[in-house]
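Participant: I'd like to go over a predicted model; first the sequence, then the structure.
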Amino acid sequence: MIDWIIDNSFWVFSGIGVAAVTAIAMWVKGLYSRHQRSMRQTPEFDPRGYAATPDPRTIVDDIRDSPPYQEEDKKKHYVGQKVYWTTTFEEAHRIRRGRARLMLLDRGGYPWISCTVVTNEYPRLKLIRRGSTVSVIGEISDIHAKSIFLVNVRLKFNNG
């Protein structure tokens with residue numbers, strides 16, 4: 001192999017040789033990338049261990065109906081709870097590093113349910129229509145006015 005490289009050094013190190021080596025490297029990288037993409041799957045949606053109650057509206061109403069001094073304590077009570085809710089898809093906003101922030105509504109009405117997902121894990125996000133039903137499991141991370149924020153989210157697209 002080394003003898004061949006020495007005999008053909010002018011060709012190998014000329015523009016044509018560099019271009020050929022680059023093309024081969026890009027082709028191999030493309031094969032590897034396609035293999036990696038084919039190995040990715042939508043994360044498993046397993047609602048065991050997640051509760052459907054309290055629902056988003058109940059949480060927001062409970063906090064709103066408490067005395068202002070107690071609102072922060074009420075919020076802390078809900079943070080960390082693992083929930084399983086049926087929502088309505090409304091918006092998806094691209095954010096950096098292949099992620100999207102989703103805005104969902106509680107069964108078509110307020111409050112907002114906001115979460116961030118990796119877009120490659122949910123290719124259907126590119127096609128889903130506003131108003132489609134989406135089941136979501138996740139952990140409440142924060143609550144503000146009429147918005148509930150979830151982390152460690154998994155989605156299941158029910159229609160649309």
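Facilitator: Perfect, thanks for sending it.
Participant: can you give the domain ranges for the protein?
Facilitator: Domain ranges of the chain: 2-39, 56-157, per automatic domain parsing.
Participant: most tightly packed of these?
Facilitator: domain 56-157 (a mean of 16; mean count of other Cβ atoms under 10 Å). Where you see a C-beta, it was placed from the backbone N, CA and C, and this is true even at glycine.
Participant: distance between the ends of it?
Facilitator: One end of domain 56-157 sits 19 Å from the other (Cα to Cα, to the nearest Å).
Participant: residue contacts, Trp85?
Facilitator: 52, 55-56, 106, 113, 135-136 (Cβ atoms under 8 Å, 6 or more residues apart in numbering).
Participant: and with 7 Å instead?
Facilitator: Residues near Trp85 by Cβ atoms under 7 Å, 6 or more residues apart in numbering: 52, 55-56, 106, 113, 136.
Participant: quick one: which of the residues you listed sit in helices?
Facilitator: Using DSSP state H, the members of these that fall within helices are Pro56.
Participant: what's the most distant pair in the contacts of Trp85?
Facilitator: Ala52 and Ile113 (13.3 Å; Cβ to Cβ).
Participant: on that earlier part again, weakest of the domains of the chain in terms of mean pLDDT?
Facilitator: When the domains of the chain are ranked by mean pLDDT, domain 2-39 comes last with a mean of 68.
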